[in-house]
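Q: Sequence first, then the predicted structure:
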Amino acid sequence: MSCQPSERIMQTIRVSVPGVTDDLLRLQMFNVMDEFLRRTNAWQHLEDIELIEGETNYDIPTPAGSEVVRWLGVSHKQTPITASPAQSGVTMSSLGTLVPDLTFPDGDASYLPAATDLHPGTGVFTYTVYRPNYISISGAPSAEDVKFPLVVALALTVGKSCLECEDCGDWDVPEYMWDMFFQDWNDGTLGRLYAMPAKPWSSPTHAQYHLKRFRNQMAFRMQEARRGYVWNMPAWRFPRGW
Amino acid sequence: MPAALETVGQYLKECRVLLQDENVPYRYEDAELVEAMNIALMEARRLRADLFLPLFEVPYFTSTGTIDTTAKVTLDPMYRSSLVYYIVGRAQLRDDEATTDQRATAMLGKFTQQLLSIAS
């Protein structure tokens, strides 16, 4: 018996779907995970990019077996950077970050205007993403800028190359996800399998039930991904961005 | 780990049991049965493409010259017996006795039924 993290969900589905082969099960589970991660942003990844003086374009490395879904945010010197709609020359509009020193003792979040640098002068004012793992910044970094990394937050999904390798059912997603999203992926995979026509296990009724659960769970996880795994957290973060 | 119905030879042997054709000279030659197996695999590909994941390549076993009885037949164990029913049914189609026709129809139907439904 395998002790891969995916084995629990594989076993659960095998007994619920008589006649299904492991190859098909893996294919549908991969498709479900891909849809889930693309929809919810549940797989979030931070990457530090070392800036190079005068260089405005950078490839973004991602973990093995993953692909970028979308960019959740970019910051430099702890300052969120604004994305521009695929063009350069957009002016800086961020108000900077709130640091603990700027929070009053009673807990109110407020600025001390005099201490807030409205023009941090990072030299990196905006960024554009022309393709998922490639960033273009509007201003060439100065010698001062390159002392600090560009921090990017990415939403990832499973890479399709994983399907083509021999027996790699775990697809390099963080291991906690197999437990955290067990019910979600289980329902999604069951729903897709039951919805297939002309198979021994075809069952439109079961498909409808499980796919409805899967959609509901994705909606919940999408909210959860914005708030973090903390109960009752507000979705916003000050001042804005990610 | 050895398993049932893994090689061409094992399929031929099992088919001959159902065909009551285990003594030489055979009524159904090896080449005929191997050709029936090739057709069975094509039929399986039509009905259940998922059985041929990930490459969807339909195996082919040469039925001319010496039959390689050690050649592996890659099919999920759950569906190997279905292949036997198809080979037997197709072999018996050539006989024109009424009882054999019924048996051939039943075997071919069983193949399809096993691929498409749980009850079989």
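A: Perfect, I can see it now. Just so it is clear, the model here is predicted, and its values are computed rather than measured.
Q: pLDDT weak spots in the chain?
A: Let's take chain A. Residue ranges of chain A with pLDDT under 70: A:1-3, A:85-125, A:162-170, A:235-242.
Q: meant chain B, my bad for not saying
A: Chain B contains residues with pLDDT under 70 at B:120.
Q: run the last query once more with 80
A: Residue ranges of chain B with pLDDT under 80: B:1-2, B:96-99, B:119-120.
Q: Name the residues of stretch A:180-191 that are buried.
A: Going by neighbour count (16 or more other Cβ atoms under 10 Å in any protein chain shown), the buried part of stretch A:180-191 is A:F181, A:D184, A:W185, A:N186, A:D187, A:G188, A:T189, A:L190, A:G191. Backbone N, C-alpha and C define where each C-beta goes, glycine included.
Q: Also stretch B:33-40?
A: Buried, per 16+ other Cβ under 10 Å, within stretch B:33-40: B:L33, B:V34, B:E35, B:A36, B:M37, B:N38, B:A40.
Q: in a helix, that's where the third one is, yeah?
A: Yes. Counting by DSSP: H, G, I helix; E, B strand; the rest coil, B:E35 falls inside a helix.
Q: list the contacts for the residue lying closest to B:M37 once chain neighbours are set aside?
A: Nearest residue to B:M37, sequence neighbours excluded (Cβ to Cβ, 6 or more residues apart in numbering or on different chains): B:I87, at 5.3 Å. Residues near B:I87 by Cβ atoms under 8 Å, 6 or more residues apart in numbering or on different chains: B:Y11, B:C15, B:L33, B:A36, B:M37, B:A40.
Q: who's in contact with the second one?
A: In this case it means B:C15. B:C15 touches B:Y28, B:L33, B:V84, B:I87, B:V88, B:A91, counting by Cβ under 8 Å, 6+ apart.
Q: ditto for the fourth one
A: The neighbours of B:A36, taking Cβ under 8 Å, 6+ apart as the test, are B:Y86, B:I87, B:R90, B:A91.
Q: hang on, isn't the last one packed against B:L33?
A: Pointing back at B:A91 there. Yes. Between B:A91 and B:L33 there is a contact at 6.2 Å, judged by Cβ atoms under 8 Å.
Q: Which residue ranges of chain A form strands?
A: Listed in chain order, the strands of chain A (DSSP state E) span A:44-49, A:57-59, A:66-76, A:79-80, A:82-83, A:126-131, A:134-137, A:150-158.
Q: B:D95: which of these is closest?
A: Comparing these against B:D95 with Cβ to Cβ, the closest turns out to be strand A:150-158 (53.2 Å).
Q: ok so, going back, next one: the residue nearest to B:M37 from B:Q10, what distance?
A: Counting by Cβ to Cβ, to the nearest Å, the gap between B:I87 and B:Q10 amounts to 12 Å.
Q: Quick one: work out the angle between the longest helix anywhere in chain A and strand A:66-76.
A: Identified as the longest helix of chain A according to DSSP state H is helix A:204-227. Angle of helix A:204-227 versus strand A:66-76, following axes from the mean of the first three to the mean of the last three Cα atoms, to 10 degrees, is 20 degrees.
Q: quick one: buried residues of helix A:204-227?
A: Within helix A:204-227, the residues that count as buried by 16+ other Cβ under 10 Å are A:H206, A:A207, A:H210, A:L211, A:R213, A:F214, A:Q217, A:M218, A:R221, A:E224, A:A225, A:R226.
Q: out of these, who's nearest chain B?
A: Chain B lies nearest to A:H206 out of the buried residues of helix A:204-227, by Cβ to the nearest Cβ, at 13.1 Å.
Q: Give me the nearest residue to that closest one, chain neighbours excluded.
A: In this structure, A:H206 finds its nearest non-sequential neighbour in A:Y194, 4.2 Å apart by Cβ to Cβ, 6+ apart.
Q: Could you report the neighbour count for that neighbour?
A: 21 (other Cβ atoms under 10 Å in any protein chain shown).
Q: my read: it touches A:S202, true?
A: Yes. Between A:Y194 and A:S202 there is a contact under Cβ under 8 Å: 6.6 Å.
Q: on that earlier part again, return the most buried member of the strands of chain A.
A: Per residue and on average, the most neighbours among the strands of chain A fall to strand A:150-158, with a mean of 22 (mean count of other Cβ atoms under 10 Å in any protein chain shown).
Q: which residues are in contact with that strand?
A: A:30, A:33-34, A:37-38, A:41-49, A:51, A:58, A:60, A:62-63, A:65-76, A:81, A:124, A:135, A:137, A:171-173, A:242.
Q: now the helices for chain B?
A: Counting by DSSP H, one finds helices in chain B at the ranges B:8-19, B:30-47, B:80-93, B:98-116.
Q: Out of the ones you listed, the one nearest A:V17 is which?
A: Of those, nearest to A:V17 by Cβ to Cβ is helix B:98-116, at 14.5 Å.
Q: Kindly report the residues of chain B close to chain A.
A: By Cβ under 8 Å from any Cβ of the partner chain, the residues of chain B that approach chain A are B:L47, B:R48, B:D50, B:L51, B:L53, B:P54, B:D76, B:M78, B:L115, B:L116, B:S117, B:I118.
Q: now the third one, nearest residue through space, not along the chain?
A: In other words, B:D50. If the residues on either side of it in the chain are set aside, B:D50 comes closest to A:L24, at 4.1 Å by Cβ to Cβ, 6+ apart.
Q: Compute the number of surrounding residues for that neighbour.
A: Neighbourhood size, A:L24 [other Cβ under 10 Å]: 22.
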